[in-house]
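Chemist: Below are the sequence and a predicted model; questions follow.
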Amino acid sequence: MEINQYLDSTYLKTPEQSGLTEEQTFDKVRALTDEAITYHFKEVMIRPNFVKLIKDYITSQHSNVLVGTVIGFHEGTYSLEEKLEEAEQAILDGVDELDYVINYEAYKKGELSLVENEFISGTKLGLEAGKTVKWIIEIAALTDQQIADLTAHIWKWAQDNFEEKDFSRIFVKSSTGFYKTEDGKPNGATFEGVKIMLDNAGKLPVKAAGGVKTPADAETMITMGIQRIGTSSAKALLGEGSAEAGY
């Protein structure tokens with residue numbers, strides 16, 4: 001099993017969160033990129049402000065590693081206009097994939113029309129630019145029933161607004177890795193949560209983000225049917241080194 005081609009190697013901490021300078025943060029992002037090039041990972045998943053620099057760097061290295069970024073991160077409560085503006089800039093900077101945080105708080109309040117409009121608008125922008133779009137639903141913030149329902153809604157909205165040829169470029173993604181849980185509960189992908197997503201996503205691919213720590217975990221997720229794994233410990237999933245705490 002070629003696990004490396006399922007991996008979105010991820011570094012999303014801001015300098016404030018990591019206690020590093022902006023320059024030191026970029027050094028970590030570039031080291032992540034060098035590792036992704038060496039191990040032929042599918043993608044590096046980084047903050048929007050680094051997209052252009054890293055895309056140019058990967059091109060200079062003649063690598064086909066993709067560059068992904070997060071939109072509306074990490075709370076998802078940004079306005080639609082803010083999310084689209086952020087996505088448009090990332091597209092101009094050469095991004096390959098856009099991982100939007102869906103407004104799951106609006107969903108929980110029953111504001112389905114807002115969430116539907118956000119999904120349609122954000123997906124349309126990405127697809128028309130030739131990009132892959134992923135929608136983070138933050139499963140740690142949802143009940144099992146809400147995970148099923150929101151995933152099913154995304155699948156319905158995709159069917160209602162896009163063509164079948166587009167479905168492979170519209171993902172449902174589990175987690176940001178930044179949601180604060182209580183009592184030590186996992187804030188990333190779990191086998192149970194991912195199964196619910198897979199059962200309700202129809203023909204849309206699913207990305208398991210955060211919480212996948214070992215090669216065995218990765219192989220189980222892939223066998224279940226996920227198409228991508230987001231991780232800050234990509235080498236560990238190849239059996240090299242140990243996983244980092246958190247994402």
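Modeler: Structure received. Just so it is clear, the structure is predicted and the values come from calculations on it, not from any experiment.

Chemist: which residue is nearest the middle of this protein?
Modeler: In the chain, the centroid-proximal residue (Cα atoms, centre = their mean) is residue 99; its distance is 4.7 Å.

Chemist: mind listing what that residue touches?
Modeler: Taking Cβ atoms under 8 Å, 6 or more residues apart in numbering, we find residue 99 in contact with 45, 68, 69, 70, 71, 73, 134, 136, 173. (C-beta placed from N, C-alpha, C; glycine too.)

Chemist: Looking at these, which one is closest to residue 235?
Modeler: The nearest member of the contacts of residue 99 to residue 235, counting by Cβ to Cβ, is residue 45 at 15.1 Å.

Chemist: Remind me which helix or strand the closest one belongs to.
Modeler: In this structure, residue 45 sits in strand 43-46 according to DSSP states H and E.

Chemist: before we move on, what about residue 28?
Modeler: Residue 28 is part of helix 22-39 when elements are defined by DSSP H and E.

Chemist: Please compute how far that helix lies from its chain's middle.
Modeler: 18 Å (Cα atoms, centre = their mean, to the nearest Å).

Chemist: what about the residue nearest to residue 181 when sequence neighbours are not counted, neighbour count?
Modeler: The spatially closest residue to residue 181, leaving aside those adjacent along the chain, is residue 187, at 4.6 Å (Cβ to Cβ, 6 or more residues apart in numbering). Other residues near residue 187 come to 22 when the count uses other Cβ atoms under 10 Å.

Chemist: Relative to residue 222, how far out is residue 187?
Modeler: As judged by Cβ to Cβ, to the nearest Å, residue 187 and residue 222 stand 21 Å apart.

Chemist: In the protein, what residue spans correspond to helices?
Modeler: Taking DSSP state H as the test, the helices found in the chain are 15-18, 22-39, 51-60, 80-92, 104-108, 112-128, 144-161, 191-200, 215-224.

Chemist: most tightly surrounded among the ones you listed?
Modeler: For the helices of the chain, the largest average neighbour count (mean count of other Cβ atoms under 10 Å) is found in helix 191-200, namely a mean of 19.

Chemist: where does the protein dip in pLDDT?
Modeler: Counting by pLDDT under 70, the ranges of the chain that qualify are 242-247.

Chemist: hmm, 80 instead?
Modeler: Scanning the chain for pLDDT under 80 picks out 1, 241-247.

Chemist: returning to that earlier point: identify the bridge partners of the residue nearest to the centre of the chain.
Modeler: Beta bridges link residue 99 to residue 70, residue 134 when assigned by DSSP bridges.

Chemist: distance of the closest residue to residue 6 other than its chain neighbours from residue 220?
Modeler: Nearest residue to residue 6, sequence neighbours excluded (Cβ to Cβ, 6+ apart): residue 229, at 5.2 Å. Distance, residue 229 to residue 220, by Cβ to Cβ: 11 Å.

Chemist: CSV please, covering the helices of the chain and showing distance to residue 234.
Modeler: What follows is those, written out as CSV (distance: least, Cβ to Cβ, whole Å):
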stretch, distance to residue 234
helix 15-18, 18
helix 22-39, 7
helix 51-60, 15
helix 80-92, 22
helix 104-108, 26
helix 112-128, 24
helix 144-161, 25
helix 191-200, 18
helix 215-224, 10
